[in-house]
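Asker: compute the structure for the input listed below.
(one chain, ligands or ions: 1)
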Amino acid sequence: MKHLIIAIDGPAAAGKGTLARQLAETLELPYLDTGLLYRAVARRVLNAGGNPEIDGPEHAQQLLPEDLHRDDLRVPEVDRAASLVARDAEVRSALLERQRIFGRARGAVVDGRDIGTVVFPDAHAKFFITASPEVRAQRRYEQRHGSACADSNALAKEIAALNARDEQDASRATAPLRPAEDAVKIVTDHLDAASVLAKVCQILQERGLIRI
Ligand code: DC
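Answerer: The predicted structure follows:
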């Protein structure tokens, strides 16, 4: 049980981060948010005045632990730049081994886009968490502003930004966003975080992977 690896993939703002964090806490496993690695590379590129479509590899090689603890990684300019650096095969391969080393050390709950397909194809369990663009946009807005969005123009803008990023993440040549064939797909439109967690724990229990 100590070296259990659980892969959680899905598009932006589908609820995978919340699920992964809560699951890791419940199972007492380390948690790895792999999106943060791409965000940290993007932040370095932007801060150096570089081009996210070109300069990702050198910054991915030089990434330091403290780069992951900045408080300006979840802002719209980094959303866009992270999706651009993540298209680069060299960036992805520079980050791949870090993710594997982290997961193999003590097991982990790992969330991202290519965890079940590329990073840990042999994960003990794989989940693909998704929701409609409207629901995801509303959640993203609430995360950033602390309240529900009543302005239909602002929501439309958020939906467009999410769709653009998903399209970019799903259409890239290397490790595109897609469910692994053996992933359990969960649509979270009508599920709150506690229900998603309960569902995942039930599946893990039925498979004999955990005892709660
Ligand atoms: O999960 P997130 O929104 O923090 O991810 C930021 C960007 O990083 C997103 O556009 C896709 C990319 N990403 C990726 O390509 N592969 C991963 N395993 C995780 C994130």
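
Asker: tell me how many other residues crowd residue 23.
Answerer: As a burial measure, residue 23 scores 22 neighbours (other CB atoms under 10 Å). Using the backbone N, CA and C atoms, a C-beta is placed for each residue, glycine as well.

Asker: now it. Its backbone dihedrals?
Answerer: phi -70, psi -40 (degrees, to the nearest 10).

Asker: find the nearest non-adjacent residue to it, please.
Answerer: In space, and not counting its chain neighbours, residue 23 is closest to residue 109: 5.0 Å by CB to CB, 6 or more residues apart in numbering.

Asker: where does that neighbour sit: helix, strand or coil?
Answerer: Of the three states, residue 109 takes strand under DSSP: H, G, I helix; E, B strand; the rest coil.

Asker: point out where the protein drops to low pLDDT.
Answerer: 1-2 (pLDDT under 70).

Asker: what segments of it are strands?
Answerer: Taking DSSP state E to define them, one finds strands in the chain at 5-9, 31-33, 108-112, 125-130, 184-187.

Asker: I'd like these as TSV, with mean neighbour count and distance to the ligand appended.
Answerer: Below are these laid out as TSV (neighbours: other CB atoms under 10 Å; distance: least, CB to the nearest ligand atom, whole Å):
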stretch	mean neighbour count	distance to the ligand
strand 5-9	28	7
strand 31-33	20	7
strand 108-112	27	2
strand 125-130	23	11
strand 184-187	16	16
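
Asker: for residue 58, find the nearest of those strands.
Answerer: For these, proximity to residue 58 was assessed by CB to CB; strand 108-112 is nearest, at 22.0 Å.

Asker: related to what we said a few turns ago, ok, the residue nearest to residue 23 touching residue 9?
Answerer: No - using CB atoms under 8 Å, residue 109 is not in contact with residue 9, being 11.9 Å away.

Asker: ok, residue 5 - contacts?
Answerer: By CB atoms under 8 Å, 6 or more residues apart in numbering, the contact set of residue 5 is 103, 104, 107, 108, 110, 120, 122, 123, 124.

Asker: who's in contact with the fifth one?
Answerer: Spelled out, that is residue 110. With CB under 8 Å, 6+ apart, residue 110 has these contacts: 5-8, 20, 31-32, 34, 99, 102-103, 119-120, 123.

Asker: quick check: bridge partners of it?
Answerer: Beta-bridge pairing for residue 110 (DSSP bridges): residue 7, residue 32.

Asker: for residue 64, see how far away it is.
Answerer: Residue 110 sits 20 Å away from residue 64, going by CB to CB, to the nearest Å.
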